[in-house]
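Enquirer: prediction below, plus the sequence it came from.
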Amino acid sequence: MTSTGPFVIVVGFDGSENSDSALNWAVDEAKRRNGRIRLITAWSKPPLAWYPALLETAAGEVVAEDSPRRAAETLQAAALETAESQGVAASGEVVHGDSAASALLDAAKAADLVVVGARGHGGFPGLHLGSVATQIINHAPCPVLVVRPKES
């Protein structure tokens, strides 16, 4: 945890609806505490697991699909813009090769709070709490807030 300086909130962001909610909560909290946000976006694909797909648009144009790294960078840039447009200082890191939980736990060493969504893009949509959130809750060196989706 930080002992001097601004209140630092680490946010796990993967572009999912839950991570959007976590980002929005963290922005509101950072405004209240005159703090700053550090966004962590982790991605992992073996080098030969991704080949650019060529897609045809409705207008007949052919475009190449973004690489996983480029997609992560684009997601994070939009999230940083969201935070900064609301007057919150924000920085980010796109991490490759690490698990999302490892990247967040590493960032949490210099944080006052970690905020994550209840679940991200994982393959088990029925879970109430994803594996990354579970690992963060159990191992973070600072307080953790898990943002759950609003009931419909």
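Expert: Right, received. Where do you want to start?
Enquirer: can you verify residue 105 is assigned to a helix?
Expert: Yes. Assessed by DSSP: H, G, I helix; E, B strand; the rest coil, residue 105 belongs to a helix.
Enquirer: quick check: phi and psi on the residue lying closest to residue 35 once chain neighbours are set aside?
Expert: Leaving aside its sequence neighbours, residue 35 sits nearest to residue 7 (Cβ to Cβ, 6 or more residues apart in numbering; 3.3 Å). Bear in mind the C-beta positions are built from the backbone N, C-alpha and C, glycine included. Dihedral pair for residue 7: phi -70, psi 120, per degrees, to the nearest 10.
Enquirer: next one: residue 16
Expert: Here is the backbone geometry of residue 16 (degrees, to the nearest 10): phi -70, psi 160.
Enquirer: how about the one 3 residues further on?
Expert: In this entry, residue 19 is assigned phi and psi values of phi -70, psi -30 (degrees, to the nearest 10).
Enquirer: from what I can see it touches residue 118, true?
Expert: No. The pair residue 19 / residue 118 is not scored as a contact, 9.9 Å apart, by Cβ atoms under 8 Å.
Enquirer: and these two? which has more neighbours close in?
Expert: Taking neighbours as other Cβ atoms under 10 Å, residue 19 and residue 118 compare with residue 19 leading, 26 against 20.
Enquirer: returning to what we had before: which pLDDT value belongs to the residue nearest to residue 35?
Expert: pLDDT recorded at residue 7 is 97.
Enquirer: do the same with residue 52
Expert: At residue 52, the pLDDT value in this model is 54.
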